[in-house]
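> Sequence first, then the predicted structure, then my questions.
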Amino acid sequence: MTWQEAIARWRKLPTQEKQRRRWESIPTRVARSMAFEGEPVSLELLRAQHARRTRPFPTRILPRPDSPLLSPPR
């Protein structure tokens, strides 16, 4: 799969699925970041801590930064 196909596949996913995947990837991203900084941490520990948190649910979906809705008034 090329990167273009991966992006097209991601864009086709429903918003809730994208949010779920982002939420579930947090422990892995934190572990990679800390390892990069030379401070490795247990992925199992991060996953356990993350599991105790409740997933935030946005009340609304914000427009994209390049959206005309965010353009300053003229």
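Looks like it came in fine.

> now the helices for this protein?
Secondary structure of the chain (DSSP state H): helices at 3-12, 15-24, 26-36, 43-51.

> can you redo those as JSON lines with mean pLDDT?
As requested, these are exported to JSON lines (pLDDT from 0 to 100):
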{"stretch": "helix 3-12", "mean pLDDT": "95"}
{"stretch": "helix 15-24", "mean pLDDT": "90"}
{"stretch": "helix 26-36", "mean pLDDT": "94"}
{"stretch": "helix 43-51", "mean pLDDT": "93"}
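
> Kindly reformat these as JSON lines containing mean neighbour count.
In short, each C-beta sits where N, CA and C put it, glycine included. Putting the helices of the chain into JSON lines (neighbours: other Cβ atoms under 10 Å) gives the following:
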{"stretch": "helix 3-12", "mean neighbour count": "9"}
{"stretch": "helix 15-24", "mean neighbour count": "12"}
{"stretch": "helix 26-36", "mean neighbour count": "14"}
{"stretch": "helix 43-51", "mean neighbour count": "13"}
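
> separation between the residue most central in space within the chain and Gly38?
Centroid-nearest residue in the chain: Arg22, 3.1 Å away (criterion: Cα atoms, centre = their mean). According to Cβ to Cβ, to the nearest Å, Arg22 stands 26 Å off from Gly38.

> rewinding a little: for the residue nearest to the centre of the chain, give me its contacts.
Taking Cβ atoms under 8 Å, 6 or more residues apart in numbering as the contact definition, Arg22 lies against nothing.

> For it, give its distance to Glu39.
The span separating Arg22 from Glu39 equals 23 Å under the rule Cβ to Cβ.

> Check Glu24 too.
With the distance defined as Cβ to Cβ, Glu24 ends up 23 Å from Glu39.

> Cheers, nothing more for now.
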